[in-house]
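> Sequence plus predicted model, see below.
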Amino acid sequence: MFKTKILFVGPNESGKTVLANFLSDTTENVGGEYRPTEGVRILEFESAPEGSGDKTCEVELWDCSGDFKFESCWPALMKDSSGVVIIFNPDVPSHLKEIETWHSMFISSQGLQDAQCLLIAHHKPGSGVEDGRLPLASHLSRLPLTHSNLEDEPEDVRQAFCRYLGNVVNTMSESREREEMSIIT
């Protein structure tokens, strides 16, 4: 069974914890009061990545604080990560600019492939924003983008995450096979 380490990163109050709790079937703090994540929360669960048949994979989901006061910890969080999901609120104009910084710090610096990355435009309840095209920088527009609305279409979010997880597992498998072949030859 594959074990993946997925980082959830992005600006403050973008919905990282809400999505992490939903995807891991964790319910914590049911009330609507916002409480910022201090440092990181690690959630472990099993999931069936798309394209894996009936195989499951063990997921370590690292829900990282969006507060830059934890920036000195980020290199340690990134160690051995399999993928990065950048979550942002498309209703907040500054988030569209901020995700470029998150991309630079967590994706470019690790040399991750596009298949190991996912952008989630998280729509908060009652936002009324459409799932239209977003004005993303060119290097971000290459990445898969999914819109999440846990109020109206929660299972769409879960399916998008399972598709993403399938891409991550495939990338890990290919990398492992290349490594084994280089040892043999």
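Sure thing, it's come through.
> Break down the protein into its strands, ranges please.
For the chain, strands defined by DSSP state E occupy the ranges 3-9, 40-47, 57-64, 83-88, 117-122, 145-148.
> quick one: strands adjacent to the third one?
Partner strands for strand 57-64, per DSSP bridges, with pairing direction: strand 3-9 (parallel), strand 40-47 (antiparallel).
> Give me the residues contacting that strand.
Strand 57-64 has contacts (C-beta atoms under 8 Å, 6 or more residues apart in numbering) with 1-9, 16-17, 20, 23-24, 37, 39-49, 70, 74, 77, 81, 165, 169. C-beta: built from backbone N, CA, C; applies to glycine.
> Give me the angle between that strand and strand 83-88.
40 degrees (axes from the mean of the first three to the mean of the last three C-alpha atoms, to 10 degrees).
> how distant is strand 57-64 from the center of its chain?
9 Å (C-alpha atoms, centre = their mean, to the nearest Å).
> Now do the longest helix along the chain, average pLDDT.
Longest helix in the chain, counting residues (DSSP state H): helix 154-184. Helix 154-184 carries an average pLDDT of 85.
> If you count contacts, what does that helix end up packed against?
Judged by 3 or more C-beta pairs under 8 Å, 6 or more residues apart in numbering; DSSP states H and E, the packing partners of helix 154-184 are strand 3-9, helix 16-23, strand 40-47, strand 57-64, strand 83-88, strand 117-122, strand 145-148.
> which other helices and strands contact the fifth one?
For strand 83-88, the contact count by 3+ C-beta pairs under 8 Å, 6+ apart identifies strand 3-9, helix 93-106, strand 117-122, helix 154-184 as packing neighbours.
> Highest average neighbour count across those: which stretch is it?
Highest mean neighbour count of the helices and strands packed on strand 83-88: strand 117-122, a mean of 24 (counted as mean count of other C-beta atoms under 10 Å).
> and that strand with helix 16-23, angle?
Strand 117-122 runs at 100 degrees relative to helix 16-23, counting by the same axes, to 10 degrees.
> What average pLDDT does strand 117-122 get?
The average of the pLDDT scores along strand 117-122 is 95.
> Kindly report the same for stretch 17-30.
pLDDT averaged over stretch 17-30 gives 81.
> Stretch 80-88 now?
Rounded mean pLDDT across stretch 80-88 is 96.
> buried residues in it?
Of the residues in stretch 80-88, Ser81, Ser82, Gly83, Val84, Val85, Ile86, Ile87, Phe88 count as buried by neighbour count, 16 or more other C-beta atoms under 10 Å.
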